[in-house]
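**Q** quick check, what structure comes out for this input:
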Amino acid sequence: METKAGDPGAFARFDLYRVPSPAFVVDEAAIRRNLSILADVRDRAGIKVLGALKAFSMWSLGSVLGEYLDGVCASGLYEARLGREEYQGEVATYCAAYKPDDLAEILKISDHVIFNSPGQIARMKPQVDAARAEGRQFDIGLRINPLHAEGETPKYDPSQPHSRLGFPIDQLTAAHLEGVDGLHFHNLCEQDFLPLERTWAAVESRIMPHVGGLKWLNFGGGHHITRADYQRDALVDFLLKIKAQTGLTLYLEPGEAMALDAGILIGEILDVIDNGMAVAITDISATCHMPDVIEAPYRPAMLHEPDEGALTRLGGPSCLAGDIIGDYRIPGGAEPGARIAFLDQAHYSMVKTNTFNGVPLPAIWLWNSENDELTEIRSFSYQDFKSRLS
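**A** Coordinates of the predicted model:
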């Protein structure tokens with residue numbers, strides 16, 4: 001995959017030695033810029049926007065999100081609890097399959113509970129009825145699979161053949177929607193408006209016969225609305241048209257768009273060897289700190305990387321042979337003690353970090369590029385590693 005990172009923005013002037021390495025640094029001003037764009041689309045289109053915690057769950061900024069968005073969407077019990085405890089507004093929870101014990105608590109803290117199949121809705125009906133009998137108020141949703149592939153990479157495409165995500169739209173009947181308040185589909189990944197328009201065209205004829213019994217439609221996430229080249233005016237016009245056509249409340253669930261180009265991951269070169277090319281070992285790890293580099297795969301953009309010069313292969317400190325970030329031209333040269341930073345690391349990288357091989361987690365810092373205030377949000381220790389084990 002090609003990185004969608006844009007201009008480094010204010011990070012171009014950030015001193016990489018101001019914080020210990022490794023560290024994530026998130027710019028609150030950039031987060032607010034993104035959120036204000038999402039709020040503007042929301043207000044012009046008259047829809048609701050929920051922030052996807054799976055992409056960006058830096059809950060120390062929960063009150064900031066609450067200033068701009070209508071709530072959050074969660075992927076299970078833990079995210080739903082985080083959403084209810086640390087964020088404001090609605091909590092919409094979707095899970096590919098619920099455990100009965102988890103669902104009991106999810107029904108207490110969620111405004112929308114979205115199921116992956118009519119079969120699970122039917123099996124969980126006694127719990128839903130019991131929760132409502134206790135006075136709990138929530139909507140029930142069903143995720144559909146549009147059966148319309150738009151993804152650049154198959155493993156990230158919810159409409160890949162034999163996908164487990166969503167009920168196939170060509171099987172949907174009125175009976176499946178008994179007791180269902182809304183339909184949800186999530187078919188995009190880091191994409192602009194046109195794939196959404198094409199997806200709606202693919203499902204419109206199958207959804208429209210059912211809208212009379214629904215309250216809302218949720219178009220999920222994967223919308224790169226805050227990217228400079230996103231067609232925001234076209235999106236607003238489209239949403240206004242669908243609202244008028246269906247009479248339903250519409251939801252979007254952007255994730256990456258909240259934190260796009262709003263954070264960097266700082267690392268330090270620990271050693272350099274020559275093995276046919278310069279190979280540098282850093283204290284940041286693709287395996288532990290940037291797993292999408294391997295899973296996608298993709299090459300993250302480096303802050304201040306020059307256009308010319310010798311390449312250095314950067315790898316992490318773990319024992320995994322494939323713990324390789326990529327080949328880069330290092331600003332100032334590859335020397336032990338040199339600091340480097342990768343752009344656009346606030347989303348997904350932060351939520352996917354792990355301690356494989358005992359590699360320490362990066363600290364998390366919050367910076368405000370408008371007033372230069374820098375605050376350590378959290379650092380991690382041996383106890384954080386040990387507490388995950390037994």
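
**Q** burial of residue 205, as a residue count?
**A** Applying other CB atoms under 10 Å, we find 9 other residues in the vicinity of residue 205. Quick note: C-beta positions are derived from backbone N, CA and C, even for glycine.

**Q** contact partners for it?
**A** Residue 205 is in contact with no residue at all, counting by CB atoms under 8 Å, 6 or more residues apart in numbering.

**Q** tell me the secondary structure of it, please.
**A** Classification of residue 205 using DSSP: H, G, I helix; E, B strand; the rest coil returns helix.

**Q** and residue 296, what is it in contact with?
**A** 1, 153, 156.

**Q** in a markdown table: the residues you listed, plus neighbour count.
**A** Compiled in a markdown table, the contacts of residue 296 are given as follows (neighbours: other CB atoms under 10 Å):
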| residue | neighbour count |
| --- | --- |
| 1 | 15 |
| 153 | 14 |
| 156 | 16 |
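
**Q** and the host helix or strand of residue 281, what does it pack against?
**A** Remark: residue 281 resides in strand 278-282, with elements defined by DSSP states H and E. Applying 3 or more CB pairs under 8 Å, 6 or more residues apart in numbering; DSSP states H and E, one finds that strand 278-282 makes contact with strand 263-274, strand 312-315.

**Q** do that again at 10 Å, thanks
**A** Contact partners of strand 278-282 among helices and strands, from 3 or more CB pairs under 10 Å, 6 or more residues apart in numbering; DSSP states H and E: strand 263-274, strand 312-315, strand 324-328, strand 339-343.

**Q** now it against strand 339-343, angle please.
**A** Compare the direction of strand 278-282 with that of strand 339-343 by axes from the mean of the first three to the mean of the last three CA atoms, to 10 degrees and you get 80 degrees.

**Q** report the buried residues of strand 278-282.
**A** In terms of neighbour count (16 or more other CB atoms under 10 Å), strand 278-282 has its buried residues at 278, 279, 280, 281, 282.

**Q** tell me the strands beside it, with direction?
**A** The strands that strand 278-282 pairs with in its sheet are strand 263-274 (antiparallel), strand 312-315 (parallel) (by DSSP bridges).

**Q** how about stretch 136-143: buried residues?
**A** Neighbour-count burial for stretch 136-143, counted by 16+ other CB under 10 Å, picks out 138, 139, 140, 141, 142, 143.

**Q** with respect to residue 375, which of those is nearest?
**A** Nearest to residue 375, judged by CB to CB, of those is residue 138 at 36.1 Å.

**Q** which residues are in contact with the closest one?
**A** Taking CB atoms under 10 Å, 6 or more residues apart in numbering as the criterion, residue 138 is in contact with 91-93, 106-113, 128, 131-132, 181.

**Q** out of those, which end up buried?
**A** 91-93, 106-107, 109-113, 128, 131, 181.

**Q** could you dump those residues to CSV with distance to residue 63, pLDDT and secondary structure?
**A** Rendered in CSV, the data for those read as follows (distance: CB to CB, whole Å; pLDDT from 0 to 100; DSSP: H, G, I helix; E, B strand; the rest coil):
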residue, distance to residue 63, pLDDT, secondary structure
91, 15, 98, strand
92, 19, 98, strand
93, 21, 98, strand
106, 23, 98, helix
107, 26, 98, helix
109, 18, 98, helix
110, 20, 98, coil
111, 19, 98, coil
112, 22, 98, strand
113, 25, 98, strand
128, 31, 97, helix
131, 28, 97, helix
181, 29, 98, coil
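
**Q** dump those into TSV; add distance to residue 377 as well.
**A** Output for the buried ones among the contacts of residue 138, formatted as TSV (distance: CB to CB, whole Å):
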residue	distance to residue 377
91	23
92	26
93	25
106	27
107	32
109	24
110	27
111	28
112	29
113	31
128	38
131	35
181	37
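
**Q** need the max-distance pair from those.
**A** The two members of the buried ones among the contacts of residue 138 with the most space between them (CB to CB) are 109 and 181, at 17.3 Å.

**Q** so where's this structure shaky on pLDDT?
**A** Low-confidence segments of the chain, defined by pLDDT under 70, are located at 5.

**Q** let's see that with 80 instead.
**A** Low-confidence segments of the chain, defined by pLDDT under 80, span residues 1-6.

**Q** enumerate every residue touching the residue positioned nearest the centre of it.
**A** Here the mean C-alpha position of the chain is nearest to the C-alpha of residue 55 (CA atoms, centre = their mean), at a distance of 2.0 Å. Residue 55 is in contact with 73, 221-222, 253-260, 346-348, 350-351, counting by CB under 10 Å, 6+ apart.

**Q** please parse this protein into its domains.
**A** For the chain, the domain assignment from automatic domain parsing gives the residue ranges 9-25+262-386, 46-259.
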